[in-house]
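Undergrad: Need a 3D model of the following:
(chains A, B, C and D, ligands or ions: 2)
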Amino acid sequence: MPSTSALNMSFDASVIAQDFPILSRKIRDGKRLVYLDSGATSQKPNVVIDAQNDFYRLHNAAAHRGAHQLAEEATDALEGARQIVASFISAHVDEVVFTKSATESLNLVAYAMGNAQKGNRFHLTKGDGIVVTEMEHHANLIPWQQLAARTGASLSWFEVTPDGRLDLSSIKSVITEKTKVVALTHQSNVLGTIIPLDEIVKRAHEVGAVVVLDACQSVPHMAVDVKALDIDFLAFSGHKTVGPTGIGIFWGRRELLAELPPFLTGGSMIENVTMTSATWAPAPKKFEPGVPSMAQAVGLGAALTYLAHIGMNQIHDHELSLTEYLLNEFSTIDDLKVIGPRDLHMRGGIVSFSLGDIHPHDLGQFLDSQGIAVRTGHHCAWPLTRKLGVPATTRASFHLYNTKDDLDSLVAGVRGAQKYFG
Amino acid sequence: MPSTSALNMSFDASVIAQDFPILSRKIRDGKRLVYLDSGATSQKPNVVIDAQNDFYRLHNAAAHRGAHQLAEEATDALEGARQIVASFISAHVDEVVFTKSATESLNLVAYAMGNAQKGNRFHLTKGDGIVVTEMEHHANLIPWQQLAARTGASLSWFEVTPDGRLDLSSIKSVITEKTKVVALTHQSNVLGTIIPLDEIVKRAHEVGAVVVLDACQSVPHMAVDVKALDIDFLAFSGHKTVGPTGIGIFWGRRELLAELPPFLTGGSMIENVTMTSATWAPAPKKFEPGVPSMAQAVGLGAALTYLAHIGMNQIHDHELSLTEYLLNEFSTIDDLKVIGPRDLHMRGGIVSFSLGDIHPHDLGQFLDSQGIAVRTGHHCAWPLTRKLGVPATTRASFHLYNTKDDLDSLVAGVRGAQKYFG
Amino acid sequence: MQLDNLYQEVILDHYKNPQHKKLNPIFDAQVHHINPSCGDEITLNVTLDAGLVKEVSWDGVGCSISQASTSILTDLLIGKSLDQTQVISEAFMNLMQSKGTEIGDAELLEDAVALAGVSQYPARIKCALLGWMAFKDASVQAIAKNS
Amino acid sequence: MQLDNLYQEVILDHYKNPQHKKLNPIFDAQVHHINPSCGDEITLNVTLDAGLVKEVSWDGVGCSISQASTSILTDLLIGKSLDQTQVISEAFMNLMQSKGTEIGDAELLEDAVALAGVSQYPARIKCALLGWMAFKDASVQAIAKNS
Ligand SMILES: Cc1ncc(COP(=O)(O)O)c(C=O)c1O
Ligand SMILES: Cc1ncc(COP(=O)(O)O)c(C=O)c1O
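TA: Numbering: from 1, shown residues only, chains lettered A, B, ... in the order given. Ligands and ions are numbered 1, 2, ... in the order given. Next comes the predicted model:
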């Protein structure tokens, strides 16, 4: 069911905001909630909350595990959601795997590669290379460190320039004939930088490496077409995509999923089981042991349907215009330094900044006292913030429900903090 | 908030059933829903659905990741739920790890042991032994098969007697000085058998092995006290415990969690991160990378609070009296053979059976046409059903909301099926 | 009763008197298929002769739907050309996916149209297809062997 | 404004003029602590003398709360006996866990009672404790070294 706002042809964030019940909450002494922390997690529209309720109240049963009517309905609900996800990213339905989070999705592909035996194309060994970047979230860095340690493969990375872009100048020596996997973020969760993916994919495929894309910060905010991007694996989280907590997506090319060994094992992912051995069902089941997270899948389906109705291009344009507006306003504030590229063509709706000597924690606390929610710290990308010499930053991140009013509040809040701590 | 039924001193399943909205649904041509598939997944009371809604509508933010008010509230909600889980199983709060499912919990401990390096007490190698039983669910069998294959450890198991009990006659030769892990189910999801845990724990600890208990079918139905059981690790699922889908619990003794290496890696489970290495936060954080499944944790907290109000002993007594009633009724039906122990002291509210030549799929389909939901098949315990010579069975499984009426419907349904296929 | 759509007389007849349910020890190809969701199993033997299906024999355990469907398959496909079996198999698969919107071409599918009701019970479609998937697999192997 | 509970004058003073924030190269024990949730870091040196805390010096980056708390700590603990530092440290930790229900014993905690407001902001408690955890760790190491 599309919301009323979703049916409007013109994009009006203040109307959209009405679909999100939490946005009418009051914070600290009755302040209006100004939620600028969607990079951490997004808020949920009523359609998502309602879809889950409907599932629990009417259709709950173990999907794929019973011949009774509720089990059939639960199966339809789960598989319907899978179809929605597939359409949303232009994938085949049997390429879409439900996980609990992007973190699990990225661990899945790293551990599954670690499970590959000799002869399997994903088998890694000493001499093989894994490539990441210096701007990865810990979720797309540590699993690869661990895989490298387990297999003896080497880990190398693209560096980040002082203005927060990936340095591709030495791409040929970073991605070499030995490289088997290139794992990288589509958009930095700290800087908002959108990376030059085409060039990297081209080079990776030239040497026969697969590309794993951490799309946590892109899928929720722009149209992402896995076929057009020509990538091999992709991960994103439901909770950042106006969907429920506890659900993530792992996508892989059909022919690669067929060869990738399983990760978690258990019920419903099997073909045959004896006391000493087991064989696997085809993907996506191979990667989904146990009773599925059905209510969350249904909620994510409702979320993506909602976003698609509004239009991912409209959402992206809206967020870019907010970014432009904020960067302009920020340029008028003394001592405020934006961290990350200024060029709007290479960034999304995330603005990290420092404010003179005021520590991000103190600034965040002051903003909170005004009802404004931002994130402070290293944003789970510690090697990046260290490299940039700002171990902690303050981050404002947007979503479709944010308005210019929200940004005006932020700007006023920043000026207020300067006075308070000045 | 306790439901009205929960405040009643006397246990009345038909009143409790009113707390579960789905139970007033109509199935196939207006039949009353008789839900006897709680062994696969349980239904959800309003308090659980409402608790999640409240979270999304009022408190949603990334827990442990922000200094703003919503983040504080989300953190309190998550940690409050952890405290409820800890109390429910008599554990310390920092011993409770949120996962997505029992399947993930069991994979967690198996993979984490696989990550243990030489010198770590969980390090396994050729010559070490892993012990399971023939009545394991695939979720507590295949992860151990895989761990054995990865480490070179050997896998052995307790056999099952023809009447569906564990055969402990050769316990000393099954659990030996080489055994490092004994992983087994508390109650069989096929037979309802409750296993003689004490004797096994005693023997395991005698040889220095740890005991991993799959409590999927016990925690939802009886009081489970991890300290009194003297076990080392435990897993159960939220969705079988009248809680949400997409959440599970992994519990481990404090001193063991301190030594167990992490499994999934990513944000918020770290102490320090550089491009090439990472160190870990203390448990439970070490095992919980990524934005937590907050709404599901809150829902599980509400579920356990609801069950605790009603009383786990009352629930267990109720289910046993249903079991007794059904076993008596079934003994009057020609050709009906119950699979599993008849002794009520060693079983819970699960009754698997065969019905002459009528295939379980056909019986299940007939029952469904009468509004009765049961499960048919091997119930993800294929080695067990094969061993017992019944590759597929029909299973009726109960929960606190089932009534004698439900069982009378089942008995009438079974007789109807005999006539229909006769 | 809606259930009668599923359990048509023809199906129960085939279930009680399954055709060609006795493995012929001579065959071009033998396959063993399993339905992982319920544990049903089937062994199916195929013998070809000059592009025709000369013989199909089978054994296995399973529900009335899987047993009847396999029995009907043998009646239907034995003696047909490989091309014809493919046309029939595809028509049958389509019927199974039709969610109750099709009744099936009785000329082509004969007794198999009695299985149309299965398409309304998604969890049972795999039962109806067990023998058909086995036949598909076995015939490919038999062709490979004969060529 | 409620925020003034958190940012009391005393705290902002210590933040702007942190005490003993210059590492003395001579020490019995040196520790380096990190707050993994925000990236704040501290290095802290301790020197003991006959059961007394002779010197505490430190350096680090962090928010006003962590800087002020460490600065207050040095003023408070230097010159005290190890037994006294333990009593004071425990009182301070309890105050931080009090969720705004306690105001703290001003005799014992002196300037540190100004941090009482932190206990209402759970995410900031770790900031206030950073220096205290470092001191605890360093004093244990210094005792070990001296014995
Ligand atoms: C005994 C037992 N173990 C493990 C599981 C797996 O639980 P889940 O599917 O919730 O991960 C189940 C239920 O399916 C079970 O009954
Ligand atoms: C770029 C990026 N990758 C990965 C993650 C991890 O996502 P999750 O915590 O939902 O697993 C996040 C968000 O925290 C992120 O921003």
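
Undergrad: residue ranges with poor pLDDT in chain A?
TA: Applying pLDDT under 70 to chain A picks out residues A:1-9.

Undergrad: at 50 what do you get?
TA: Of all residues in chain A, those with pLDDT under 50 make up the ranges A:1-8.

Undergrad: And the residue in chain C that chain A sits nearest to, which helix or strand is it part of?
TA: Nearest residue of chain C to chain A, counting by CB to the nearest CB: C:A123, 4.4 Å away. Glycine gets a C-beta too; all of them are placed from N, C-alpha and C. Assigning secondary structure by DSSP states H and E places C:A123 in helix C:122-146.

Undergrad: ok, back up a step: counting neighbours, what do you get for the residue of chain C closest to chain A?
TA: Residues lying near C:A123 (other CB atoms under 10 Å in any protein chain shown) number 24.

Undergrad: And the nearest residue to it once chain neighbours are set aside, its phi and psi?
TA: Among residues not flanking C:A123 along the chain, A:A67 sits closest, at 4.4 Å (CB to CB, 6 or more residues apart in numbering or on different chains). Main-chain dihedrals, A:A67, degrees, to the nearest 10: phi -100, psi 10.

Undergrad: and A:A67, how many neighbours does it have?
TA: 28.

Undergrad: Just to check, it is in contact with B:S369?
TA: No: A:A67 is not in contact with B:S369 according to CB atoms under 8 Å; the separation is 10.5 Å.

Undergrad: got the contact list for residue 112?
TA: Let's take chain A. With contacts defined as CB atoms under 8 Å, 6 or more residues apart in numbering or on different chains, A:A112 is in contact with A:122, A:260-263, A:287.

Undergrad: try chain C instead
TA: Per CB under 8 Å, 6+ apart, neighbours of C:A112: C:69, C:72-73, C:76, C:88, C:92, C:95, C:104.

Undergrad: Flag every residue of the stretch 101-250 of chain A that's near chain B.
TA: A:101-104, A:106-107, A:111, A:115, A:134, A:137-139, A:141-143, A:145-146, A:150, A:155, A:157, A:237, A:239, A:244-247 (CB under 8 Å from any CB of the partner chain).

Undergrad: now do chain C
TA: Within chain C, the positions lying close to chain B (CB under 8 Å from any CB) are C:1-3, C:6-7, C:12, C:37-41, C:61-65, C:121, C:124, C:127.

Undergrad: In contact with the residue nearest to the spatial centre of chain A, which residues are there?
TA: In chain A, the centroid-proximal residue (CA atoms, centre = their mean) is A:C216; its distance is 1.0 Å. Residues near A:C216 by CB under 8 Å, 6+ apart: A:102, A:137, A:139, A:185-186, A:189, A:235-237, A:240.

Undergrad: now C:V118
TA: Counting by CB under 8 Å, 6+ apart, C:V118 makes contact with C:6, C:65, C:96, C:124-125, C:127-128.

Undergrad: out of those, which one sits closest to A:L344?
TA: Checking the contacts of C:V118 against A:L344 with CB to CB, the nearest one is C:I125 at 51.3 Å.

Undergrad: Grab the nearest non-local neighbour of that closest one.
TA: Nearest-residue entry for C:I125: C:M96, 5.0 Å, with adjacent residues in sequence omitted and distances by CB to CB, 6+ apart.

Undergrad: State the distance from the one you found to C:R124.
TA: From C:M96 across to C:R124, the span is 9 Å (CB to CB, to the nearest Å).

Undergrad: Show me chain A divided up by domain.
TA: Recorded structural domains for chain A (assignment: automatic domain parsing) are A:4-45+A:311-421, A:50-308.

Undergrad: Which stretch among those domains approaches B:G377 most closely?
TA: Distance to B:G377, taken as CB to CB, is lowest for domain A:50-308 among these, at 7.7 Å.

Undergrad: how many other residues sit next to A:H64?
TA: Around A:H64 there are 20 other residues, counting by other CB under 10 Å.

Undergrad: dump the residue contacts of it.
TA: A:71, A:75, A:78, A:268, A:285, A:292, C:37.

Undergrad: got these as CSV, with neighbour count and secondary structure columns?
TA: Formatted as CSV, these follow (neighbours: other CB atoms under 10 Å in any protein chain shown; DSSP: H, G, I helix; E, B strand; the rest coil):
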residue, neighbour count, secondary structure
A:A71, 26, helix
A:T75, 21, helix
A:L78, 25, helix
A:S268, 22, coil
A:K285, 20, helix
A:P292, 29, coil
C:S37, 23, coil
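
Undergrad: so what's C:I125 up against?
TA: C:I125 makes contact with C:96-97, C:118-119 under the criterion CB under 8 Å, 6+ apart.

Undergrad: Any of the residues you listed buried? List them.
TA: Of the members of these, the ones counted as buried by neighbours, 16 or more other CB atoms under 10 Å in any protein chain shown, are C:96, C:118-119.

Undergrad: Now, those that are in helices?
TA: Counted as lying in helices by DSSP state H, out of the buried ones among the contacts of C:I125, are C:M96.

Undergrad: Would you mark the buried spots in the lowest-mean-pLDDT helix or strand in chain C?
TA: One helix or strand of chain C scores below all others by mean pLDDT, DSSP states H and E: helix C:3-6, with a mean of 91. By neighbour count on 16+ other CB under 10 Å, the buried set for helix C:3-6 is C:3, C:6.

Undergrad: Same question for stretch A:197-217.
TA: A:197, A:200-201, A:203-205, A:209-217.

Undergrad: what's A:P244 in contact with, if anything?
TA: A:44, A:48, A:52, A:238, A:295-296, A:299-300, A:303, B:56, B:246, B:295.

Undergrad: OK, now which residue of chain C is nearest to chain B?
TA: C:C63 (3.6 Å).

Undergrad: Could you tell me how many residues sit around that residue?
TA: 27.

Undergrad: was I right about it contacting B:D362?
TA: Yes: contact criterion CB under 8 Å: C:C63 and B:D362 qualify, at 5.1 Å.

Undergrad: who does A:F98 bridge with?
TA: Beta-bridge partners for A:F98, by DSSP bridges, are A:I249.

Undergrad: What about it, how many residues nearby?
TA: A:F98 has 26 neighbours, counted by other CB under 10 Å.

Undergrad: Return the distance of it relative to B:L36.
TA: Note on A:F98: its distance to B:L36, by CB to CB, is 27 Å.

Undergrad: ok but A:T103 is inside a helix, no?
TA: Yes: according to DSSP: H, G, I helix; E, B strand; the rest coil, A:T103 belongs to a helix.

Undergrad: Tell me the residues of chain C that contact ligand 1?
TA: On the criterion CB under 6 Å from any ligand atom, ligand 1 has no neighbours in chain C.

Undergrad: For the closest residue to chain D within chain C, which residues are in contact?
TA: Nearest to chain D in chain C, going by CB to the nearest CB, is C:P36, at a distance of 43.9 Å. Going by CB under 8 Å, 6+ apart, C:P36 touches A:270-272, A:281.

Undergrad: before we move on, back to that, so which of the contacts of A:C216 is the closest to B:V93?
TA: Closest approach to B:V93 among the contacts of A:C216 (CB to CB): A:A139, at 25.2 Å.

Undergrad: Confirm for me that that closest one is in contact with A:A102.
TA: Yes: with contact defined as CB under 8 Å, A:A139 counts as touching A:A102 (6.2 Å).
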